[in-house]
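**Student:** This is the structure alone, sequence omitted:
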């Protein structure tokens, strides 16, 4: 039962990743693409981490998965911000 | 019924080859670097599938992380030199002077020879032989550590590892000699969010790097992986401009560069002086000596990789419009 639930979470997370990738490929400009990618991948990552954590054998493993989730989430959010910031600056918009 | 993971492995292998082809054929330098980084990540995954987590960690940390950062820094420098910095459209830089056909041919011949040599070595190796597993397992009690890979790298084949550390030392010496005359591209300002991320990530990287070094005695990890992760601390400090290299710091940097090699060689010499073969550690001190070497080598690797990222020796006089205010 628990394994089934975990598999469902991981499958749902994968679906979000696929949706994010479709958005990346189909959306017209860099901001729309970032919007699709950062949101969908953030949720997909959380779902997959949750699913994997359910299957983890020990509290230590759950803790490590939580750490991985936290730092990947923070890093990808920062990356998204940096890419958008760079795009704005090189397009001549904004003055920061 | 075949193992479903076989399909995954085949897709992975195909993706790695496809990424290699794509990285070589794409004309945009930035896309090339991105493809190379993805290639490295998938290679690390392939190493995991081959049950070699140590190699996977090294590939992910050094082959992908640090090398990717070095390549991006080089691209930044190239764009600064060619005057296309800050132009979004100028990401694809074609070489100003075309590469001579002779150089291309020589490169191709050299790579072909290496591939041929690898193929011969692969075909010449006993197909399903026992390998060295049994030998290593048998000798493990003599190594002083519990993880076979660390036992092989730091004890049984310590000479090879010493040479790898020397290669890194030679690289940083060469960079400090060659880049002397080049002017620095200004580091990009990356904003407050990046600064905040740096403050959050920095302590975590220190913990992870030290953990990788420490855990190397009994599980996958070790000096090279830990050193590469700790080098990320240097990269973060440089990129957030929390640390700006000063000419006065060169002495400390030089000391850190040679620390690992010197400690490694010194231990070998002292052991050899005691009437043993070099690297034949006395059993009761083996773990202490290995940890000492690994710890100092980790410091050297971290500082050297960070210095390679910074690129150029910090000099006192402005030779080419350097503004380090």
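**Tutor:** Nice, I can see it. The structure displayed is predicted, hence computed values, not measured ones.
**Student:** Chain A contacts on the stretch 201-325 of chain B?
**Tutor:** Residues of the stretch 201-325 of chain B lying near chain A by CB under 8 Å from any CB of the partner chain: B:201, B:204. Every C-beta, even on glycine, is put in place using the N, C-alpha and C of the backbone.
**Student:** how does it look with 10 Å?
**Tutor:** Applying CB under 10 Å from any CB of the partner chain, one finds that the stretch 201-325 of chain B approaches chain A through B:201, B:204-205, B:207-208.
**Student:** Could I get these in JSON lines, plus columns for secondary structure, pLDDT and neighbour count?
**Tutor:** Shown next, in JSON lines, are those (DSSP: H, G, I helix; E, B strand; the rest coil; pLDDT from 0 to 100; neighbours: other CB atoms under 10 Å in any protein chain shown):
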{"residue": "B:201", "secondary structure": "helix", "pLDDT": "87", "neighbour count": "19"}
{"residue": "B:204", "secondary structure": "helix", "pLDDT": "88", "neighbour count": "14"}
{"residue": "B:205", "secondary structure": "helix", "pLDDT": "89", "neighbour count": "19"}
{"residue": "B:207", "secondary structure": "helix", "pLDDT": "89", "neighbour count": "12"}
{"residue": "B:208", "secondary structure": "helix", "pLDDT": "87", "neighbour count": "19"}
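**Student:** What distance do you get for residue B:199 to chain A?
**Tutor:** According to CB to the nearest CB, to the nearest Å, residue B:199 stands 11 Å off from chain A.
**Student:** Need the phi and psi values for that residue.
**Tutor:** When read as degrees, to the nearest 10, the backbone of residue B:199 gives phi -60, psi -40.
**Student:** Tell me, what's the model's pLDDT at it?
**Tutor:** For residue B:199, the pLDDT comes out at 85.
**Student:** looking at it, it is touching residue B:236, isn't it?
**Tutor:** Yes. Residue B:199 is within contact range of residue B:236, at 9.3 Å (criterion: CB atoms under 10 Å).
**Student:** State the pLDDT value of residue B:163.
**Tutor:** Here, the pLDDT recorded for residue B:163 equals 86.
**Student:** what number of residues lie near residue B:119?
**Tutor:** Using other CB atoms under 10 Å in any protein chain shown, residue B:119 has 10 neighbouring residues.
**Student:** That one sits in which helix or strand?
**Tutor:** helix B:101-124 (DSSP states H and E).
**Student:** if you average pLDDT over that helix, what comes out?
**Tutor:** For helix B:101-124, the mean per-residue pLDDT is 91.
**Student:** Please apply the same query to stretch A:35-46.
**Tutor:** 88.
**Student:** does chain B sit close to it?
**Tutor:** No. Between stretch A:35-46 and chain B, judged by CB under 10 Å from any CB, nothing touches; the nearest distance is 12.9 Å.
**Student:** could you redo the residues of the stretch 201-325 of chain B next to chain A as JSON lines and give each row distance to residue B:154?
**Tutor:** JSON lines is the format used below for those (distance: CB to CB, whole Å):
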{"residue": "B:201", "distance to residue B:154": "29"}
{"residue": "B:204", "distance to residue B:154": "27"}
{"residue": "B:205", "distance to residue B:154": "24"}
{"residue": "B:207", "distance to residue B:154": "23"}
{"residue": "B:208", "distance to residue B:154": "21"}
